[in-house]
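**Q** please work out how this folds:
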Amino acid sequence: MTMTGSRILVECLIEQGVDTVFGYPGGSVLNIYDELGKNAHRLRHILTAHEQGAAHAADGWARSTGRPGVVIATSGPGATNLVTGLATAYMDSSPVVAFTGNVPQSLLGRDSFQEVDISGITMPITKHNFIVKDVAALAETIRTAFAIAVSGRPGPVLVDITKDVTAAGAEWSPDTPEAAARRRLDTGKPARPTEGGLERAAALLASARRPVLYAGGGIIQAGAADALLALAERLNAPVALSFMGHGAFPSRHPLCTGMVGMHGSRASNMAFNEADLVIAAGARFSDRVVGDPGRFAREVSVLHLDIDPAEINKNVKTSLSLVGDVGESLRALAPLVERRARNEWNVRVEEWKKERKPARSFDRRGLEPRLVIEELHARAGDGAFVTTEVGQHQMWTAQYWPFTRPRSFVSSGGLGTMGFGTGAAMGVQAAHPEATVVHIAGDGSFRMNCAELGTISAYGLPIIIVVMNNGTLGMVRQWQTMFYGKRHVQTTLDRPPDFVKLAEAFGVEAWRAKDEAGLRSALDAAFARRAPALIEVPIDIDEAVLPMVPSGRPLSEQILETSAEA
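**A** Coordinates of the predicted model:
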């Protein structure tokens with residue numbers, strides 16, 4: 001059947017199981033949008049306030065479902081507005097497929113109106129990208145893009161399409177199972193651990209007296225939470241989580257020690273310090289976890305399980321590695337390991353978990369962050385999805401929200417993108433219309449993409465937004481307090497907007513919680529409705545995230561004198 005390139009794009013999206021796309025129209029994608037309008041009964045389009053918000057929404061969709069999120073933008077500034085969103089997805093291994101329009105082929109390279117080399121710009125921040133100049137190649141390119149996005153280590157893929165291709169005609173026929181299978185194979189079948197490698201790994205586990213499992217976001221991407229739980233219980237080993245690993249292991253499980261690293265729990269950091277074997281599964285040893293990665297693990301063995309061979313020995317020198325799907329590796333390893341009883345190592349870790357530092361004592365002019373998180377969780381429950389922006393509120397959420405299941409926590413880890421969470425919350429809610437979605441933001445981050453309140457309102461997305469307002473860029477101020485002699489340069493946000501009035505201007509009901517009673521009343525009112533809501537919560541300008549161990553030295557050489565309350 002002969003179709004235009006625009007119709008081929010729509011048919012391929014539907015063929016790939018896509019039912020929702022996020023985007024913003026413009027001149028180079030008018031043919032695509034005309035076709036989207038004709039097929040609105042088959043494919044939902046959500047119009048965002050900004051292309052960056054659309055990219056984050058597609059990312060939120062992908063992280064919460066495990067399926068590719070799709071975003072569409074026009075050429076030039078429309079395409080470049082996707083860059084931050086694509087870089088965010090790339091750093092956190094999220095399968096986003098972006099489609100951009102470009103000027104007609106006859107105008108390429110002529111500095112035409114809204115022309116930009118988006119494939120060149122995004123090459124370092126995508127898993128792969130394409131520019132399509134022949135309509136006959138369009139369908140296969142789209143299908144390959146989806147295969148690449150989800151194969152091996154997931155990641156974003158960009159498909160740039162010249163405007164003339166969207167109008168030209170070509171033969172199109174549905175994909176066949178055989179072709180799809182071959183395409184998946186061609187995009188890279190991950191390695192599998194060898195029998196010898198598994199035996200050596202089992203021997204390393206058997207010799208360890210103080211093993212610690214270090215679980216990252218790769219566990220979630222691989223759907224390997226069950227395999228991680230099985231190995232942890234077989235080893236009776238404590239499980240420390242990276243920031244992206246929240247939800248990979250039940251936070252209330254007796255073996256869970258919480259987040260590890262510069263803002264992690266005392267139990268996780270002490271276990272890392274005292275372990276004789278760290279078993280890293282789907283984690284990449286970021287500097288936020290180990291301080292100076294190059295100096296970590298001089299006195300500890302490291303067994304690294306990851307699908308991406310580029311991560312092995314990149315940051316930390318390993319004793320042994322198993323390259324392949326982390327779920328397959330864990331499941332193959334578990335039967336080779338003898339079941340262990342509770343021992344002295346477990347007792348030591350449990351004692352660290354009991355140790356708590358008192359809450360910071362000062363005249364707090366606002367609500368305690370932990371109280372805010374606990375009151376939110378009490379109403380949202382374990383079944384909620386939680387998104388965040390980036391900053392102190394993000395770390396308080398990671399420390400205090402008891403995540404129990406994979407994909408329930410959606411936040412920017414690797415890139416640390418302020419403004420990510422509002423768009424991501426839209427994507428999560430669109431993907432899970434019946435679910436409760438809570439978005440926790442700081443006033444600094446929320447300002448960056450607050451225009452998306454209009455999108456939330458227009459589509460009636462019942463997201464509950466809590467803005468922790470401390471009138472500052474809190475995490476930056478905290479660094480300035482600790483390391484720059486309390487010289488708070490350009491971090492105080494003593495300026496508009498009034499977030500309650502802003503929300504109301506967009507048609508979102510809002511409350512300002514001035515005290516504990518006001519917080520509880522506002523939360524009760526927000527959760528009683530199935531509609532968008534915003535609650536502004538005052539937080540003291542000098543409230544800090546503890547612990548904070550930012551030194552370049554490895555954690556194993558540091559004395560952790562401060563602790564988050566685990």
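**Q** now the helices for the stretch 101-250 of the chain?
**A** Applying DSSP state H, counting those that start in this stretch to the stretch 101-250 of the chain gives helices spanning 118-122, 138-150, 163-167, 177-186, 195-207, 217-221, 225-235.
**Q** I misspoke; the intended subject was the stretch 251-400 of the chain.
**A** Along the stretch 251-400 of the chain, counting by DSSP H, counting those that start in this stretch, helices occupy 266-274, 287-290, 326-333, 344-354, 369-380, 392-400.
**Q** now do the buried residues in the helix or strand of the chain with the lowest mean pLDDT.
**A** Taking mean pLDDT, DSSP states H and E as the measure, helix 177-186 is the helix or strand of the chain with the lowest mean score, a mean of 82. Within helix 177-186, the residues scored as buried using 16 or more other C-beta atoms under 10 Å are 183-184. C-beta coordinates here come from the backbone N, C-alpha and C atoms, glycine included.
**Q** that helix packs against which elements?
**A** Contacts defined by 3 or more C-beta pairs under 8 Å, 6 or more residues apart in numbering; DSSP states H and E place helix 177-186 against helix 138-150.
**Q** returning to what we had before: out of the helices of the stretch 101-250 of the chain, nearest to Glu35?
**A** helix 163-167 (8.2 Å; C-beta to C-beta).
**Q** which positions in the closest one come out as buried?
**A** Across helix 163-167, burial judged by 16+ other C-beta under 10 Å covers 163-167.
**Q** possible to save those residues as CSV with pLDDT?
**A** As requested, the buried residues of helix 163-167 are exported to CSV (pLDDT from 0 to 100):
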residue, pLDDT
Lys163, 97
Asp164, 96
Val165, 98
Thr166, 98
Ala167, 97
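**Q** thinking again about what came up before, can you list contacts of the least confident helix or strand of the chain?
**A** Under the contact criterion C-beta atoms under 8 Å, 6 or more residues apart in numbering, helix 177-186 has outside partners 143-144, 147, 151.
**Q** can you check stretch 317-332 too?
**A** By C-beta under 8 Å, 6+ apart, stretch 317-332 touches 190-193, 197-198, 200-201, 204, 218-219, 222-224, 227-228, 230-231, 281-282, 297, 301-309, 312-313, 333.
**Q** hey, what's the angle from the longest helix seen in the chain to helix 138-150? Just curious.
**A** If you go by DSSP state H, the chain has its longest helix at helix 51-65. On the basis of axes from the mean of the first three to the mean of the last three C-alpha atoms, to 10 degrees, helix 51-65 is oriented at 60 degrees to helix 138-150.
**Q** remind me what helix 51-65 packs against, helices and strands.
**A** Checked by 3+ C-beta pairs under 8 Å, 6+ apart, helix 51-65 has strand 20-23, strand 69-73, helix 83-91, strand 96-102, strand 409-410, helix 420-431 packed alongside it.
**Q** any chance of JSON lines for the ones you listed, columns mean neighbour count, distance to Ile535 and mean pLDDT?
**A** Output for the helices and strands packed on helix 51-65, formatted as JSON lines (neighbours: other C-beta atoms under 10 Å; distance: least, C-beta to C-beta, whole Å; pLDDT from 0 to 100):
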{"stretch": "strand 20-23", "mean neighbour count": "25", "distance to Ile535": "25", "mean pLDDT": "98"}
{"stretch": "strand 69-73", "mean neighbour count": "30", "distance to Ile535": "27", "mean pLDDT": "98"}
{"stretch": "helix 83-91", "mean neighbour count": "25", "distance to Ile535": "26", "mean pLDDT": "98"}
{"stretch": "strand 96-102", "mean neighbour count": "29", "distance to Ile535": "30", "mean pLDDT": "98"}
{"stretch": "strand 409-410", "mean neighbour count": "26", "distance to Ile535": "19", "mean pLDDT": "98"}
{"stretch": "helix 420-431", "mean neighbour count": "30", "distance to Ile535": "14", "mean pLDDT": "98"}
